[in-house]
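Trainee: build the 3D model from these lines:
(one chain, ligands or ions: 2)
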Amino acid sequence: MRRPLPRTLRGQLTAGLVGLLAVACLAVGITTALALRGFLMGRLDQQLTASGGRFAASLEHEAKPDSDNHPDTRGQAELTMGARLLDATVTQAAVVDDAADRPLDLTAEDRRALAAVPADDEQGHSIALSSLGAYRVTAVHGDDGDVLVTGLPLHPVEETVHRLEAVEAVVFGAALLATGTAGALWVRMSLRPLRRVTAQAAGVARLPLASGDVAMPDPLPDTDPRTEVGQVGSALNHMLGHVENALTRRQASEERLRHFAADASHELRTPVANIRGHAELALRHDGPLSGEVRHALDRISAESRRMTSLVDDLLLLARLDAGRPLEHRTVDLTLLILDTADDARAAGPTHRWALDLPEEPVTVPGDAHRLQQALGNLLANARTHTPPGTQVTIALSPEPDCVRVSVTDNGPGIPEEIGPEVFGRFVRADHARSRSSGSTGLGLAIVHAVVTAHGGTVDVTSRPGRTVFRLTLPG
Ligand SMILES: Nc1ncnc2c1ncn2[C@@H]1O[C@H](COP(=O)(O)OP(=O)(O)OP(=O)(O)O)[C@@H](O)[C@H]1O
Ligand SMILES: [Mg+2]
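Mentor: Ligands and ions are numbered 1, 2, ... in the order given. Presented below is the predicted three-dimensional model:
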């Protein structure tokens, strides 16, 4: 499995630092090992050249101990190897062992390797002998038409190089460890301002900017334009400034709009009530009224009634939006449900109404009138948006710290096109039909606003055959 690269900038910088140092260490290690080996080989070659085949020449004389001209073969370093070749055939071969010559047993392979060493070459040659291992050898032409090969073991060179490699491995390892630790700390320190910027940005991202009254965090202190982090910090501060400005303006404009809606609906109440009053007065007029006029007055009266309720709904929403405090009395929810269900039963006799209430009365702190209105809206929906014969069940269940009320019907369900917007204002399905039935799409918006103002929640699940509205009110 491939190990993933570190994702954080800190991890990447530390890994990069250690990686680069590792590459540098490797390059230094390889170069010094090669240089040392080259130097030691050169010295070995010098030694071999200096010995000039004397040891190999001495072998011949040792073979003939009566010779007068006995050259000095002693004084050769331990493990010096000598071989004498006549016509490319090894005639004698020995190695200095404990300051004495020890004849060498050579395999055919060894003999071939010795015969292949070029004579009178300044440069040494590396060969492998079966009994002695790796050797550096040179060959010179002897006085008797022979070739004298002298060799010195290579293993001291290898040993020295390996020791250097071992020392370098330990030193470089320690250096990498120290760099990794110190580098991580250093990178961490250098990135501290960036962490502040990140934390600030993350904090702002978590703010509920859509909900109006938001306290912006203090500006960042890292704004030095000479550093990259400072530039980011300063840009973030600027951006936050703009956001704060925009939020303040939006809040002010929302406030104005709320006031306007509240004022407009308040102002509309009286003229609408007057229109309705006059229409009803005209309808009660004793004199003869043509059918057409009566119909027109009926329409005026009905539409002004609808407008009154619309204006009341708008005013209530505007007041709840403005955070107007509600009444805070003990409300007997059981009684409230019984009353509201009675009204619903009277308004929708073709529906089947069922109650699921606990024995003991259940109470909540709140505004009885508004809660009744919210529940009434839910029951009105269960009646108007479902066909006759639909079963509607109102259930009440007290929980340890809250009270749940649910309204369930087995009607056709909330049309899919409304979706999660069902609690929005003026959201309703099939506009033409809804409008003709007097529906405005404010009913559930009021339920939501009333329940939220009580510190509760409301949600809905709906599919054809089962729609459930659940209210949760703090107990
Ligand atoms: N129990 C239900 N079954 C099916 N559809 C429903 C149900 N309750 C609500 N809806 C759908 O949700 C829409 C929004 O309901 P809401 O009460 O907000 O508005 P409305 O009933 O259309 O108008 P009003 O302001 O008169 O209550 C409705 O138009 C209807 O399509
Ligand atoms: Mg409704």
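Trainee: please enumerate the helices of the stretch 51-200 of the chain.
Mentor: 54-63, 108-115, 155-190, 192-206 (DSSP state H, counting those that start in this stretch).
Trainee: so who does residue 271 touch?
Mentor: Applying Cβ atoms under 8 Å, 6 or more residues apart in numbering to residue 271 gives no contacts. Yep, even glycine has a C-beta here, placed from its N, CA and C like the rest.
Trainee: any idea which element it lies in?
Mentor: When secondary structure is defined using DSSP states H and E, the element that contains residue 271 is helix 228-283.
Trainee: out of the helices and strands in this protein, which is least certain?
Mentor: helix 431-436 (a mean of 56; mean pLDDT, DSSP states H and E).
Trainee: tell me the helices and strands packed up against the next helix-or-strand element following that helix.
Mentor: Once helix 431-436 ends, the next helix or strand along the chain (criterion: DSSP H and E) is helix 443-453. The criterion is 3 or more Cβ pairs under 8 Å, 6 or more residues apart in numbering; DSSP states H and E, and the helices and strands that helix 443-453 contacts are helix 291-321, helix 368-384, strand 457-463, strand 466-474.
Trainee: apply 7 Å and report the result again.
Mentor: helix 291-321, helix 368-384, strand 457-463 (3 or more Cβ pairs under 7 Å, 6 or more residues apart in numbering; DSSP states H and E).
Trainee: what is the burial count for residue 259?
Mentor: A count of neighbours around residue 259, defined by other Cβ atoms under 10 Å, yields 12.
Trainee: and stretch 456-472, how far out from the chain middle?
Mentor: Centre-to-centre, stretch 456-472 and its host chain are 34 Å apart (Cα atoms, centre = their mean, to the nearest Å).
Trainee: first vs last residue of it, how far apart are they?
Mentor: With Cα to Cα, to the nearest Å as the measure, the first residue of stretch 456-472 is 5 Å from its last.
Trainee: what's the answer for stretch 209-218, then?
Mentor: Stretch 209-218 has an end-to-end distance of 16 Å (Cα to Cα).
Trainee: residues contacting the residue of the chain found nearest ligand 2?
Mentor: Closest approach between the chain and ligand 2, counting by Cβ to the ion: residue 443, at 2.7 Å. For residue 443, the contacting residues are 377, 380-381, by Cβ atoms under 7 Å, 6 or more residues apart in numbering.
Trainee: to residue 473, which of the helices and strands packed on helix 443-453 lies closest?
Mentor: helix 368-384 (7.9 Å; Cβ to Cβ).
Trainee: any bit of the closest one sitting next to ligand 1?
Mentor: Yes: among the residues of helix 368-384, 377, 381-382 lie within reach of ligand 1 under Cβ under 6 Å from any ligand atom.
Trainee: per-domain residue ranges of this protein.
Mentor: Domain assignment for the chain, taken from automatic domain parsing, gives 1-190, 206-324, 329-474.
Trainee: for the ones you listed, which one ends up most surrounded?
Mentor: Between these, the one whose residues have the most neighbours on average, counting mean count of other Cβ atoms under 10 Å, is domain 329-474 (a mean of 17).
Trainee: now do the end-to-end distance for it.
Mentor: 13 Å.
Trainee: check the offset of that domain from the chain's centre.
Mentor: Per Cα atoms, centre = their mean, the displacement of domain 329-474 from the mean C-alpha position of its chain is 41 Å.
Trainee: for stretch 8-16, same thing?
Mentor: Its chain's C-alpha centre and that of stretch 8-16 lie 16 Å apart, by Cα atoms, centre = their mean.
Trainee: what packs against whichever strand or helix holds residue 23?
Mentor: Residue 23 is part of helix 9-51 when elements are defined by DSSP H and E. Helix 9-51 sits against strand 133-141, strand 147-153, helix 155-190, with contacts defined as 3+ Cβ pairs under 7 Å, 6+ apart.
Trainee: pLDDT score for the closest residue to ligand 1 within the stretch 351-475 of the chain?
Mentor: Distance from ligand 1 to each residue of the stretch 351-475 of the chain (Cβ to the nearest ligand atom) is smallest for residue 443, at 2.3 Å. At residue 443, the predicted lDDT confidence score is 94.
Trainee: swap in residue 150?
Mentor: pLDDT, residue 150: 90.
Trainee: how close does it sit to residue 39?
Mentor: Summarising the geometry, the distance separating residue 150 from residue 39, computed by Cβ to Cβ, to the nearest Å, is 20 Å.
Trainee: just residue 301 next, same as before
Mentor: Distance from residue 301 to residue 39, counting by Cβ to Cβ: 117 Å.
Trainee: equivalent analysis for residue 324, please.
Mentor: 95 Å.
Trainee: follow-up on the earlier one: looking at the helices and strands packed on helix 9-51, which is nearest to residue 279?
Mentor: Between residue 279 and the helices and strands packed on helix 9-51, the shortest gap by Cβ to Cβ is with helix 155-190, which sits at 78.9 Å.
Trainee: list the helices and strands the closest one packs on?
Mentor: When contacts are defined as 3+ Cβ pairs under 7 Å, 6+ apart, helix 155-190 packs onto helix 9-51.
Trainee: so how far is the helix it packs on from its chain's centroid?
Mentor: Chain-centre distance of helix 9-51: 42 Å, with Cα atoms, centre = their mean.
Trainee: give me the angle between that helix and helix 192-206.
Mentor: Between helix 9-51 and helix 192-206, the angle comes out at 150 degrees (axes from the mean of the first three to the mean of the last three Cα atoms, to 10 degrees).
Trainee: quick one: mean pLDDT for helix 9-51?
Mentor: For helix 9-51, the per-residue pLDDT values average out at 92.
Trainee: and if you look at stretch 179-193?
Mentor: In this model, stretch 179-193 carries a mean pLDDT of 90.
Trainee: dump that stretch to CSV, restricted to CA.
Mentor: As requested, C-alpha coordinates have been extracted for stretch 179-193 and formatted as CSV (Å, rounded to 0.1, in the frame of the first residue of the first chain):
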residue,chain,number,x,y,z
THR,A,179,16.8,18.2,11.5
GLY,A,180,13.4,16.4,11.5
THR,A,181,12.7,17.4,15.1
ALA,A,182,14.1,20.9,15.0
GLY,A,183,12.7,21.4,11.5
ALA,A,184,9.2,20.4,12.7
LEU,A,185,9.4,22.8,15.7
TRP,A,186,10.7,25.6,13.5
VAL,A,187,8.1,25.1,10.8
ARG,A,188,5.4,24.9,13.5
MET,A,189,6.6,28.2,15.0
SER,A,190,6.8,29.9,11.6
LEU,A,191,3.3,28.8,10.7
ARG,A,192,1.8,29.9,14.0
PRO,A,193,0.4,33.1,12.4
